[in-house]
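In: have a look at this fold, sequence not included:
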């Protein structure tokens, strides 16, 4: 019997992006393999901080919203070719200290059996805007 591996499409990547903007970690994890890997855009390692396995990746994803409660990835553009894909976006968010970030970035994906095995994130390095003065 032949096994059918569903393909990841640009529509799947848009649904993944939509889950980020809803801050819906359960939905995000439904796109990931059980042995998924997330390589963050920052960290001490050459690849950024590397999170391995669904529990570690889930915690790392949730941490983004803890640091940036209003995090948003806009102007998303995606493409898929075989078992690889790319999403480009503009990230905006305000840290809990009030500093505002707006940067362009992208995710490079590796897929397996219709799910995301690796999410490797990159973003421009730009200093945050100063927090708005209190009113």
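Out: Happy to help now that I have it. From a predicted model like this one, the values you see are computed outputs, not experimental measurements.

In: okay, now residue 26: neighbour count?
Out: When neighbours are counted by other C-beta atoms under 10 Å, residue 26 registers 8. All C-beta atoms are positioned from the backbone trio N, CA, C, and that covers glycine.

In: now do the SS call for it.
Out: What DSSP: H, G, I helix; E, B strand; the rest coil gives for residue 26 is helix.

In: please list the outside residues in contact with the longest strand seen in the chain.
Out: When the chain is parsed with DSSP state E, its longest strand is strand 100-112. With contacts defined as C-beta atoms under 8 Å, 6 or more residues apart in numbering, strand 100-112 is touched by 7-8, 13, 33, 41, 68, 80, 83-95, 116-126, 128-129, 131-132.

In: which of those residues are buried? Put it as a ChimeraX command.
Out: Under the burial definition 16 or more other C-beta atoms under 10 Å, those of these that qualify are selected in ChimeraX by:
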select :8,13,33,41,68,80,85,86,87,89,91,93,94,116,117,118,119,120,121,123
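
In: which members of the contacts of strand 100-112 occur in helices, if any?
Out: The members of the contacts of strand 100-112 that map onto helices under DSSP state H are residue 13.

In: got any ranges where the chain has weak pLDDT?
Out: 1-5, 132-135 (pLDDT under 70).

In: buried ones in the longest strand of the chain?
Out: By neighbour count on 16+ other C-beta under 10 Å, the buried set for strand 100-112 is 101, 106-107, 109-111.

In: quick check, nearest of the residues you listed to residue 22?
Out: residue 107 (16.9 Å; C-beta to C-beta).
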